[in-house]
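Novice: coordinates for the following, if possible.
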Amino acid sequence: MRIKIKGEIREIFGKNASRYLRREGRVPANLYGSQAENVSLILDKKDVFQILRSEAGENTIFKVSYNSKTQDVMIKEVQINPVNDELLHVDLILIAMDKEIQVMVPFILTGEAVGVKAEGGFVDFVTREIEIECLPKAIPENIEVDISDLHINQSIKVEEISPPEGANWISDPEAVIAMIHAQAKEEVVVEEEEEEEEVIAEGEEPEVIKKEKDEEKEKGAKKEE
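Specialist: Numbers count the residues shown, from 1 in each chain. Presented below is the predicted three-dimensional model:
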């Protein structure tokens, strides 16, 4: 069942007005689309978070109603305060269900690579999402990529997998999705212990031994006295 949220036309603008909205649990938004003029809206934060936390995330197609209108839309962009993660602003884009759109879809790696399981390598997940073009109803939640057959120093590229049904690749087909690398060999640094004993030249006595002999001579001299 498609999510439906309610919006309100925004008539007051400016930083103070936006701060007031956020304190009230709402957020300013803009709706863009070729079939309608750009519309400034007010949305409830909880509705936006509900969409962002859904399985399709920003690729979720939902309905927004305002002024007796109901439109099919998607989230185009969200602005988040990097300091406290507060939701600052939302951009929506009008969706025509019979027209193809371009969206970013995440990759999910499946299987355990031979190069990891049997050869001791590790997976380098290079390209985590890809841009595709398709009808709104054909947008996949993710694209699975099986890496089971990859050995060390082997990779899998976009061009080696089939796009989802009804979709076309927009991103570079030669882009590497994942690669198996060998574990870096740890350099064993053997620290040569510095010899604490000094090389005794011929005719010289170690300082400690010499000191002990001097003490013995001194004791002997005292006894004779």
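Novice: for the rest of this, base every contact and every neighbour count on C-alpha atoms.
Specialist: Will do.
Novice: not counting its neighbours along the chain, what's nearest the residue most central in space within the chain?
Specialist: Nearest residue to the geometric centre of the chain (Cα atoms, centre = their mean): residue 128, 8.2 Å. Closest residue in space to residue 128, ignoring its immediate chain neighbours: residue 107 at 5.3 Å, by Cα to Cα, 6 or more residues apart in numbering.
Novice: quick one: that neighbour and residue 146 touch, right?
Specialist: No - using Cα atoms under 8 Å, residue 107 makes no contact with residue 146, being 10.3 Å away.
Novice: mind listing what's buried in the helix or strand harbouring residue 49?
Specialist: Here residue 49, judged by DSSP states H and E, is contained in helix 45-52. Using 16 or more other Cα atoms under 10 Å as the test for burial, helix 45-52 gives 45, 48, 51-52.
Novice: I'd like the residues you listed as TSV, with pLDDT and distance to residue 83 appended.
Specialist: Below are those laid out as TSV (pLDDT from 0 to 100; distance: Cα to Cα, whole Å):
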residue	pLDDT	distance to residue 83
45	94	18
48	94	20
51	92	22
52	91	19
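Novice: where along this structure do the helices fall?
Specialist: Secondary structure of the chain (DSSP state H): helices at 15-23, 45-52, 114-117, 207-224.
Novice: average model confidence for the longest one?
Specialist: In this model, helix 207-224 has an average pLDDT of 55.
Novice: what's the answer for the first one, then?
Specialist: Here the mean pLDDT over helix 15-23 is 90, rounded to a whole number.
Novice: that helix - contacts with which helices or strands?
Specialist: strand 26-32 (3 or more Cα pairs under 8 Å, 6 or more residues apart in numbering; DSSP states H and E).
Novice: can you check the shortest one too?
Specialist: Helices and strands touching helix 114-117, as assessed by 3+ Cα pairs under 8 Å, 6+ apart, comprise strand 122-125, strand 176-181.
Novice: ranking those strands by burial, who's on top?
Specialist: strand 176-181 (a mean of 22; mean count of other Cα atoms under 10 Å).
Novice: assess the claim that residue 114 and residue 150 are in contact.
Specialist: Yes - Residue 114 lies in contact with residue 150 (Cα under 8 Å); the separation is 5.8 Å.
Novice: of those two, which one has the most company?
Specialist: More crowded of residue 114 and residue 150, by other Cα atoms under 10 Å: residue 150, with 20 against 17.
Novice: so who does the more buried one touch?
Specialist: For residue 150, the contact set (Cα atoms under 8 Å, 6 or more residues apart in numbering) comprises 113-115, 156, 179-180.
Novice: now it: how far from residue 78?
Specialist: Relative to residue 78, residue 150 is positioned 37 Å away (Cα to Cα, to the nearest Å).
Novice: and what of residue 102?
Specialist: In this view, residue 102 and residue 78 are 17 Å apart by Cα to Cα.
Novice: all strands of the chain, in order?
Specialist: Using DSSP state E, the strands of the chain run over 4-6, 8-9, 26-32, 39-44, 62-66, 69-80, 87-94, 101-110, 122-125, 129-134, 143-146, 155-157, 167-169, 176-181.
Novice: done for today, thanks.
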